[in-house]
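no FASTA, just this:
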């Protein structure tokens, strides 16, 4: 095809893309009736997980251990800041925090990808 044909086709399709075809609101009704459950399911799943974590923390009295973990992490950071060379072994809380951050980032990315796919 020539450049002129490409321009003519481009203009034709450009005009057609902006033209609205009268359908009596059919397209709007169809779009509104499509399921939008992805975001709702993600929010529900997060709510269930948070509730389960809170129940487990209360039932197992994990706040005491969490306080110890945080105290250990703060002490490690203070030691690392004061020493010219970082301490040899970071506390387990740091490993867990990194793992949780990675999992959360992956879950959020997956949710956003699913939302964009709609």
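Thanks, I have the structure now. All values derive from a computational prediction rather than experimental measurement. Residues are numbered from 1 along each chain as shown.

alpha carbons only for contacts and neighbour counts from here, please
OK.

So what's the residue count around residue 33?
9 (other Cα atoms under 10 Å).

let's number from 374 now, not from 1
Got it, first residue is 374 now, which makes that one residue 406.

and the gap between it and residue 399?
Taking Cα to Cα, to the nearest Å as the measure, residue 406 falls 11 Å from residue 399.

Kindly report the same for residue 443.
58 Å.

In terms of packing, which of these two has more residues around it?
residue 443 (15 against 10).

quick one: which helix or strand includes the more buried one?
helix 435-455 (DSSP states H and E).

what does residue 413 give?
Residue 413 belongs to helix 410-433, assigned by DSSP H and E.

in that helix, what counts as buried?
residue 415 (16 or more other Cα atoms under 10 Å).

With stretch 434-442 instead?
residue 442.

Show the pLDDT at residue 442.
Reading off the confidence values, residue 442 has pLDDT 75.

same question, residue 421
Reported pLDDT for residue 421: 90.

swap in residue 410?
Looking at residue 410, the pLDDT reads 66.

quick one: low-confidence ranges for the protein?
By pLDDT under 70, the weakly predicted segments of the chain are 374, 389-390, 409-412, 458-468, 488-491.

any idea of the angle the helix holding residue 443 forms with helix 410-433?
100 degrees (axes from the mean of the first three to the mean of the last three Cα atoms, to 10 degrees).

tally of neighbours for residue 487?
13.

do the same with residue 396
Counted with other Cα under 10 Å, residue 396 comes out at 8.

same question, residue 483
13.

which stretch of helix or strand covers it?
helix 465-490.
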